[in-house]
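*Asks:* prediction below, plus the sequence it came from.
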Amino acid sequence: MTALLLDNATLIDGTGAAPRANTSVLVENGRIAQIGDAAGQRAPEAASVIDCAGRTLMPGLTDAHVHFGLTDDGTRTPESHVSYVLKVVENIRIALDEGFTTVRDAGGLDPAYALAVEQGQIAGPRILPSGSFLSQTGGHGDQRFRFTDDAPPSIPGLVAHTEICDSPDEVRRAARKQIRRGATQVKLMASGGVMSPNDPLESLQFSVEEMAAAVAEARSFGTYVMAHTHTTGAMNRALDAGVRSLEHASILDRATADRIVEQDAYIVPTLVIFEILARSDRIPEYSHAKLALVRSEAAASVRTAITSGVSIASGSDLLGPAQRRRASEIAEKAKHMSAMAAIVSATKTNAALFRMEDRIGTVEEGKDADLILVDGDPLDDVGVLVGARNIPLVVKGGAVVKDAL
């Protein structure tokens, strides 16, 4: 692998430290070999040199809540397997083009796609897949209409549909199945959801014993459980079971926030999807009231988490085909915290949530060279991170995977 010198950039290293002007980063053998003053750093012989003057160098962005595999645009019409695969691959490609170098799938993506990226068959970010959702009958992941009993089966290696589980033993078996198929963490549904047809938002889904079965299996394989939890009741039940990653956390009170801190858990607010759905004319009637509730509470919940010291990760929860402008979640968070804090949530904090803090999330010597170059200053205007146009260079594992310079 050719050495690469990213010369004379303004560096935002992802740690929360102030930007460093006139900085150069040397990449060798896929890792960050040296960070120093541009004036005193020289490229090794045969290295590629990129002049970064006037631009910002950052860690590759990460997203802790993606749904590459949920390609339905709201019409719920059947599609061929070929069409489905093409839509999934396009979602994966777009994320990399927009500067995302690692993402965590939050359910609905077969781990085969993560393997295809790892093997170089698909251009995309590193994917940490969850495989199928685990849902109880009538839960958020159960998308069957009221008078339909047949759930679509998963097709291993292609499509990961929801696993319906109604006892600790069924949850245990389903968790083991996802891990066997390549899931890097287990995703389950613990509260009602905006887009599901049968469950009130405040419904509590899975007993503590059922969720604890998934947690025990995940821990046995050295991993953890992430749970869909909009409400305080669902979050507390998930915490009782040992769940580590609380998705959405839309209605959060101070006492629950304090518990999250005590248990070293994380929340993954997903603010931007609420705004996208509010503008959509395709969401079903049963979703309107639920959407209005979470949208009215989510910002206050983020502020409660900040004042309580909760670890706030970053996830977009984008749905459908052609998932673009993924970093809009970072811009949305920056309305409630500083731009720097929002960036840290999508770099350093996510890396810790992924248990990859020794490899990614910050620009430090010895770490994987996952880097992006940004036209503009995201601390002055965090919106420059949104979309692919202002991200002319993406480096993943030391390889230049996008060069629009």
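*Replies:* Alright, I've got the coordinates. These figures come from a predicted structure and were not determined experimentally.
*Asks:* who are the contact partners of residue 162?
*Replies:* 132, 133, 134, 135, 141, 142, 143, 151 (C-beta atoms under 8 Å, 6 or more residues apart in numbering). Any C-beta I mention is one placed from the backbone N, CA and C, and that applies to glycine too.
*Asks:* nope, residue 135 is what I was after
*Replies:* Neighbouring residues of residue 135 by C-beta under 8 Å, 6+ apart: 141, 142, 162, 163, 164, 165, 188, 189, 205.
*Asks:* of the residues you listed, just the buried ones, ChimeraX syntax please.
*Replies:* ChimeraX command restricting the contacts of residue 135 to the buried ones, with burial defined by 16 or more other C-beta atoms under 10 Å:
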select :141,142,162,163,164,165,188,189,205
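*Asks:* distance to residue 237, secondary structure and pLDDT added to the contacts of residue 135, as TSV?
*Replies:* Shown next, in TSV, are those (distance: C-beta to C-beta, whole Å; DSSP: H, G, I helix; E, B strand; the rest coil; pLDDT from 0 to 100):
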residue	distance to residue 237	secondary structure	pLDDT
141	16	coil	91
142	18	coil	89
162	20	coil	96
163	19	strand	97
164	19	strand	96
165	16	coil	97
188	11	strand	98
189	12	strand	98
205	9	coil	97
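*Asks:* export stretch 7-23 as CSV, just CAs?
*Replies:* Listed in CSV are the C-alpha atoms of stretch 7-23, where the atom choice follows Å, rounded to 0.1, in the frame of the first residue of the first chain:
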residue,chain,number,x,y,z
ASP,A,7,-0.5,18.0,3.7
ASN,A,8,-1.3,21.3,5.3
ALA,A,9,-4.8,20.7,6.5
THR,A,10,-6.8,22.1,9.4
LEU,A,11,-7.3,19.0,11.6
ILE,A,12,-10.3,18.2,13.7
ASP,A,13,-9.2,15.0,15.3
GLY,A,14,-12.5,13.8,16.8
THR,A,15,-11.4,14.0,20.4
GLY,A,16,-13.1,17.4,21.1
ALA,A,17,-9.8,19.2,21.1
ALA,A,18,-9.5,22.6,19.3
PRO,A,19,-8.7,22.4,15.6
ARG,A,20,-5.0,22.4,14.6
ALA,A,21,-4.1,24.5,11.6
ASN,A,22,-1.2,23.7,9.2
THR,A,23,-1.1,20.1,10.1
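*Asks:* begin at 40 from here
*Replies:* Understood, numbering begins at 40; the last thing we discussed is stretch 46-62.
*Asks:* gap between it and the chain center?
*Replies:* Its chain's average C-alpha position is 24 Å from that of stretch 46-62, according to C-alpha atoms, centre = their mean, to the nearest Å.
*Asks:* which residues touch that stretch?
*Replies:* Residues contacting stretch 46-62 (C-beta under 8 Å, 6+ apart): 63-64, 74-78, 80, 82, 88-92, 94-98, 379-380, 382-383, 386-387, 400-403, 412, 416-418.
*Asks:* run the last query once more with 6 Å
*Replies:* For stretch 46-62, contacts defined as C-beta atoms under 6 Å, 6 or more residues apart in numbering pick out 63, 77, 88, 90-92, 94-98, 379, 383, 386-387, 400-402.
*Asks:* could you list the buried residues of that stretch?
*Replies:* Residues 46, 47, 48, 49, 50, 51, 52, 53, 58, 59, 62 are the ones in stretch 46-62 that count as buried (16+ other C-beta under 10 Å).
*Asks:* what's the most distant pair in the contacts of residue 174?
*Replies:* 202 and 244 (13.6 Å; C-beta to C-beta).
*Asks:* of all the contacts of residue 201, which two lie farthest apart?
*Replies:* Greatest spatial distance in those: 173 and 182, 13.8 Å, computed using C-beta to C-beta.
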